[in-house]
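# Generate a structure from the sequence data that follows.
(4 chains)
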2 protein chains.
Amino acid sequence: MDHSRPRAVTIYDVAREAGVATSTASRALSNPGRVSERTRAHVEEVAARLGYVPNRIAQALPSGRTGLFALVIPDITNPHHVRLIRGAQAQAAAAGHSLVLADSQEDADIELAHLQRLASFVDGFLLVSPRAPADELLAHLQRHPAAVFNRPLAGLPGVVADVDAASAQVVAHLAGLGHRRIAYLRGPETSWADGERRRTLAEHAGRHGIAFTAVGPFAPVLESGAPAATAGLATGATALVAFNDLIAIGALEHLAAAGIAVPGEVSVTGADDVFGTSFCRPPLTTVTSPAQEAGRAMVGLLTGTEPADPVLPSRLIVRESTGPAPVRPRRARGPATRPPSAPTAGS
Amino acid sequence: MDHSRPRAVTIYDVAREAGVATSTASRALSNPGRVSERTRAHVEEVAARLGYVPNRIAQALPSGRTGLFALVIPDITNPHHVRLIRGAQAQAAAAGHSLVLADSQEDADIELAHLQRLASFVDGFLLVSPRAPADELLAHLQRHPAAVFNRPLAGLPGVVADVDAASAQVVAHLAGLGHRRIAYLRGPETSWADGERRRTLAEHAGRHGIAFTAVGPFAPVLESGAPAATAGLATGATALVAFNDLIAIGALEHLAAAGIAVPGEVSVTGADDVFGTSFCRPPLTTVTSPAQEAGRAMVGLLTGTEPADPVLPSRLIVRESTGPAPVRPRRARGPATRPPSAPTAGS
DNA sequence: GTGAAAGCGCTAACAA
DNA sequence: TTGTTAGCGCTTTCAC
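So this is what the prediction gives:
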């Protein structure tokens, strides 16, 4: 038994050692039933003895199937996306697939480059909130199955979070607390979810007779919290509805530092219910994201397993960052850390 | 231009259309310089016009190189590991590689299965705190390059966090605050870092004349915080040193719920400095982990780029969860949520 | 039930 | 500089 041999054991080695043709060895290993029980057992024994492991590249060349899916994400740092990765990875593993990770860093060009680079390597794409223009996306996905999260694209199967329901609950909650003016702290311009959230929030605010303003866009990171809160406050709102939890938590930190009481003077809500929302100060009222389910559902769409209702539920979690609107709206006080960047008027 | 054609454009199509041999087309595309400028330009033009994208599976079969690295992680949920993923992904991308993600869910068998499944697919493995026995690990990596984080394995290149320095700083910090008895809240039994942390903590405590006890093991998740804190407190310690931030934050939540003041009655420290440590209550004194650098360094080890000092620095970040030892050690009070699980005595 | 041979798309000898 | 050909390891017709 030559243990230091550099070359790997191939199916030829197995066939020779077993005294059968390679085709027979192949069948015995991967298509049992089309070979006599006796040879099957023999070949299998030889393969095990030799430590044969099929070369998956070679398997993939004729079949075109690798057992790999590519997961394309805007930002691997975002804990929200991490939940999705987890769901996708679990479901993929269950289907015998592995995941190739591609971080597009919120950049449309990098995103498209990933699609091209990985196209021949994977059995399909999982696109999370893709940022690239629809036509380019579709052009790149001509010959490859894909499933999409939070971005309806004509012809591509996908799932979305129930943004409308989430917005309805947030607005109803704030309206119930007596808020009459809310500000939406926007996320990335190219995010479908941002557009939806803004649109539905405005709509529901209108129904409740609440004034609505959107400010931003802001990068969906902790650091955006301070400028976003400043801009939101400048609108005279008593409630700040952030695009996601990162911005919301950042806002909370900024407000605490500025000595503005939450929820006493201003209420804050987030979205996604990421790690940290339960133990920040105050614990954040937010809206859950079906990230993990989305991950599973997307893989399901690719493997044909899951029927999947395309709109995944999202629900409000009331914690301590929201409270009754102050009797009279707060007035600017204390040093503004920086002048608010020109707020964009909401619809 | 037949747009609905299912078959992809191959290099044969390009060669035929350009009126050259396939080898010439291949060279023009991937080995320019060994072909006349004129043909190179022509072939390239044709390839672009036809929308040719090389089939990477086919490229990989003869060469054995896929441009893929497998990243094997104990738990994709852990924000600490996410930082490492990020570093690895960035460095891999810079080297023109992509990452295949494999979550072993803290299970040695799953870990080894991943190695086997992905072996022929990847140019190398990045093993993060592998849990499987050393001999099995080495057996599975006979013919594949690998780099390891936080687990010295004979013959395999790798990097580790400077656990000793971290422990020294934590103990010195606590000693300086007057603590005379500390408890270590252990992590997973199969974790090298846990063993190291425990060993070095005990050692440094000894030097400072501080009593040291280890309790556990505990799973490195938020939920372990409560039982771990309970067990730690039962030792009479005035400072709880947790294996990682998740356990520490969980402990913080438990202590707050039990009405035990931090750091008034007991100090708490974590490790890794994950997302959330800066805004939990109180903000956590912890020790940084070189996770991102580790990710980069591991990829470097595989690509031959980085020389890399194998021990990566780690430093103490003092926040508000540590303070002067109480004048007299606290006595049990309030309802214990559950009896402490039998604490393991430290060395 | 089993074997011989072709072919997946590409690169690298080897020739010319 | 360019063309011809073999071969990477496997599966899959097609014969027998």
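
# Contact partners for A:V299?
Residues in contact with A:V299 (Cβ atoms under 8 Å, 6 or more residues apart in numbering or on different chains) are A:F69, A:A88, A:Q91, A:A92, A:A95, A:H97, A:L126, A:A147, A:T305, A:E306. Every residue, glycine included, has its C-beta placed from N, CA and C.

# same thing but at 6 Å, please
Each residue near A:V299 by Cβ atoms under 6 Å, 6 or more residues apart in numbering or on different chains is listed here: A:A88, A:Q91, A:A92.

# what about the first one, which SS state?
Following DSSP: H, G, I helix; E, B strand; the rest coil, A:A88 is assigned to helix.

# again, but for the second one
The three-state label for A:Q91, taken from three-state DSSP, comes out as helix.

# burial count for A:P326?
Other residues near A:P326 come to 16 when the count uses other Cβ atoms under 10 Å in any protein chain shown.

# make that A:R281, sorry
Neighbour count for A:R281, taken as other Cβ under 10 Å: 17.

# which residue packs closest to it, ignoring adjacent ones?
B:R281 (5.1 Å; Cβ to Cβ, 6 or more residues apart in numbering or on different chains).

# surely the one you found meets A:P283?
No: look at B:R281 against A:P283 with Cβ atoms under 6 Å: they stay out of range, at 9.5 Å.

# how about the helices in chain A?
Here chain A has its helices, by DSSP state H, at A:11-18, A:22-30, A:37-50, A:56-63, A:79-94, A:108-118, A:134-140, A:163-176, A:192-207, A:225-234, A:245-257, A:291-303.

# Please enumerate residues in contact with stretch A:233-246?
A:174, A:179, A:181-187, A:194, A:213, A:220-222, A:232, A:248, A:266-272, A:274, A:277, A:286, A:325, A:329, A:340.

# Mind giving me the PyMOL command for buried ones among those residues?
Remark: buried members of those, expressed as a PyMOL selection using 16 or more other Cβ atoms under 10 Å in any protein chain shown:
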select buried, chain A and resi 174+179+181+182+183+184+185+186+187+194+213+220+221+222+232+248+266+267+268+269+270+271+272+274+277+286+325+340
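
# In strands only, show me the contacts of stretch A:233-246.
A:R181, A:I182, A:A183, A:Y184, A:L185, A:T213, A:S267, A:V268, A:T269, A:T286 (DSSP state E).

# With pLDDT as extra columns, can I get those in TSV?
As requested, the ones in strands among the contacts of stretch A:233-246 are exported to TSV (pLDDT from 0 to 100):
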residue	pLDDT
A:R181	97
A:I182	97
A:A183	98
A:Y184	98
A:L185	98
A:T213	97
A:S267	98
A:V268	98
A:T269	98
A:T286	98
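
# Closest to B:V318 out of these?
The shortest approach to B:V318 among these belongs to A:V268, at 28.3 Å (Cβ to Cβ).

# What sits closest to A:G216 if chain neighbours are left out?
A:R186 (2.8 Å).

# From what I see, the one you found and A:A219 are in contact.
No: contact criterion Cβ under 6 Å: A:R186 and A:A219 do not qualify, at 10.2 Å.

# For burial, what's the neighbour tally of the closest residue to chain B within the stretch 151-300 of chain A?
With Cβ to the nearest Cβ, the shortest gap between the stretch 151-300 of chain A and chain B falls at A:G276, namely 4.3 Å. A:G276 sits with 24 neighbouring residues when counted by other Cβ under 10 Å.

# Give me the distance between it and DNA strand D.
46 Å (Cβ to the nearest atom of the strand, to the nearest Å).

# Phi and psi next, for the closest residue to that residue other than its chain neighbours.
Excluding its sequence neighbours, the residue lying closest to A:G276 (Cβ to Cβ, 6+ apart) is B:G276, at 4.3 Å. Backbone torsions for B:G276, taken as degrees, to the nearest 10, come to phi 110, psi -30.

# average model confidence for stretch A:247-266?
If you average the pLDDT over stretch A:247-266, you get 96.

# Quick check, pLDDT for the closest residue to DNA strand D within the stretch 151-300 of chain A.
Nearest residue of the stretch 151-300 of chain A to DNA strand D: A:V299, at 22.9 Å (Cβ to the nearest atom of the strand). In this model, A:V299 is scored at 95, pLDDT.

# if you skip the residues just before and after it, what's nearest to it?
Closest residue to A:V299 apart from its sequence neighbours, by Cβ to Cβ, 6+ apart: A:Q91 at 4.0 Å.

# confidence score at that neighbour?
Confidence score, pLDDT, at A:Q91: 93.

# Contacts only, for the residue nearest to A:F279 when sequence neighbours are not counted.
Leaving aside its chain neighbours, A:F279 sits nearest to B:C280 (4.8 Å; criterion: Cβ to Cβ, 6+ apart). Taking Cβ under 6 Å, 6+ apart as the criterion, B:C280 is in contact with A:F279, B:I249, B:L252.

# Please tabulate the residues you listed in CSV, including the columns neighbour count and distance to DNA strand D.
Formatted as CSV, the contacts of B:C280 follow (neighbours: other Cβ atoms under 10 Å in any protein chain shown; distance: Cβ to the nearest atom of the strand, whole Å):
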residue, neighbour count, distance to DNA strand D
A:F279, 18, 50
B:I249, 27, 48
B:L252, 26, 53
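
# For DNA strand C, see how far away the residue nearest to A:R281 is.
Computed as Cβ to the nearest atom of the strand, the B:R281 to DNA strand C distance reads 57 Å.

# Look up phi and psi at that residue.
phi -120, psi 120.

# And the residue nearest the centre of chain A, how far from DNA strand C?
By Cα atoms, centre = their mean, chain A has its centre lying nearest to A:H81, at 3.9 Å. According to Cβ to the nearest atom of the strand, A:H81 stands 32 Å off from DNA strand C.

# who's in contact with the nearest residue to that residue once chain neighbours are set aside?
Excluding its sequence neighbours, the residue lying closest to A:H81 (Cβ to Cβ, 6+ apart) is A:I73, at 5.0 Å. Counting by Cβ under 6 Å, 6+ apart, A:I73 touches A:H81, A:D103, A:V128.

# about what we covered before: hang on, isn't the residue nearest to A:V299 packed against A:M298?
No: the pair A:Q91 / A:M298 is not scored as a contact, 8.2 Å apart, by Cβ under 6 Å.
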